[in-house]
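K.L.:
this one's sequence-less:
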């Protein structure tokens with residue numbers, strides 16, 4: 001099985017299938033042998049995921065027009081600040097600005113000083129997916145990482161978080177592919 005290795009200062013091995021290509025994210029200290037064993041251990045999951053993505057990539061794509069993108073940004077600017085305000089109060093955090101724009105590789109982000117950015121394509125997702133992303137980003141106001149403590153806070157506020165995170169993993173690539181180059 002072919003795969004691309006991306007090494008970093010991370011602590012664990014992770015698999016990612018992107019556009020039906022397998023990417024192994026590995027710590028610098030992991031040997032080729034350890035990486036190969038990890039890939040072989042997860043071969044069934046890899047095959048299923050690559051197959052599902054290959055099918056999705058073959059589906060016809062209806063590209064968004066500039067006007068549709070502008071409308072999504074307007075919708076997001078109208079709706080997302082209300083959702084952010086609601087969940088910020090529940091989490092007990094503050095924030096600065098809420099921005100909605102076209103993001104090609106993420107659904108949201110939170111800066112150190114509390115600026116929140118959201119992908120306008122979230123407006124094409126179910127409301128619960130939007131809320132799960134908002135909660136995720138707001139919880140970064142307490143933990144600027146993806147630690148166990150961070151996810152405990154996310155789940156405290158949004159117990160079904162993983163259900164909607166899964167929805168984004170399954171449908172998000174199809175949404176992002178609708179953005180024209």
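P.N.:
Looks like it came in fine. Every value quoted in this text rests on a predicted model; they were computed, and no experiment measured them.

K.L.:
Can you give me the buried ones in the helix or strand of the chain with the lowest mean pLDDT?
P.N.:
Least confident element among the helices and strands of the chain, by mean pLDDT, DSSP states H and E: helix 43-58 (a mean of 84). Buried residues in helix 43-58, counted by 16 or more other Cβ atoms under 10 Å: 46, 49, 50, 53. The way it works is simple: take the backbone N, C-alpha and C, and place the C-beta from them, glycine included.

K.L.:
Check those residues against residue 139 and report the nearest one.
P.N.:
Nearest to residue 139 out of these is residue 49 (Cβ to Cβ; 26.9 Å).

K.L.:
who are the neighbours in contact with residue 98?
P.N.:
77, 80, 81, 84, 116, 118 (Cβ atoms under 8 Å, 6 or more residues apart in numbering).

K.L.:
farthest-separated two in those residues?
P.N.:
77 and 116 (12.1 Å).

K.L.:
just checking, which of the contacts of residue 98 belong to helices?
P.N.:
The helices, defined by DSSP state H, take in 77, 80, 81, 84 from these.

K.L.:
Give me the number of neighbouring residues for the second one.
P.N.:
By that I understand residue 80. 22 (other Cβ atoms under 10 Å).

K.L.:
if I look at it, how far off is residue 136?
P.N.:
For residue 80, the distance to residue 136 equals 13 Å [Cβ to Cβ, to the nearest Å].

K.L.:
same thing with the first one?
P.N.:
Between residue 77 and residue 136 the distance is 20 Å, computed by Cβ to Cβ.

K.L.:
Give me the more crowded residue out of those two.
P.N.:
residue 136 (23 against 16).

K.L.:
mind checking the SS state of that one?
P.N.:
Secondary structure, DSSP: H, G, I helix; E, B strand; the rest coil: residue 136 is helix.

K.L.:
my guess is it contacts residue 116, does it?
P.N.:
No. Counting by Cβ atoms under 8 Å, residue 136 sits too far from residue 116 to count as a contact (10.5 Å).

K.L.:
Give me the common contacts of these two.
P.N.:
Common contacts of residue 136 and residue 116 (Cβ under 8 Å, 6+ apart): residue 108.
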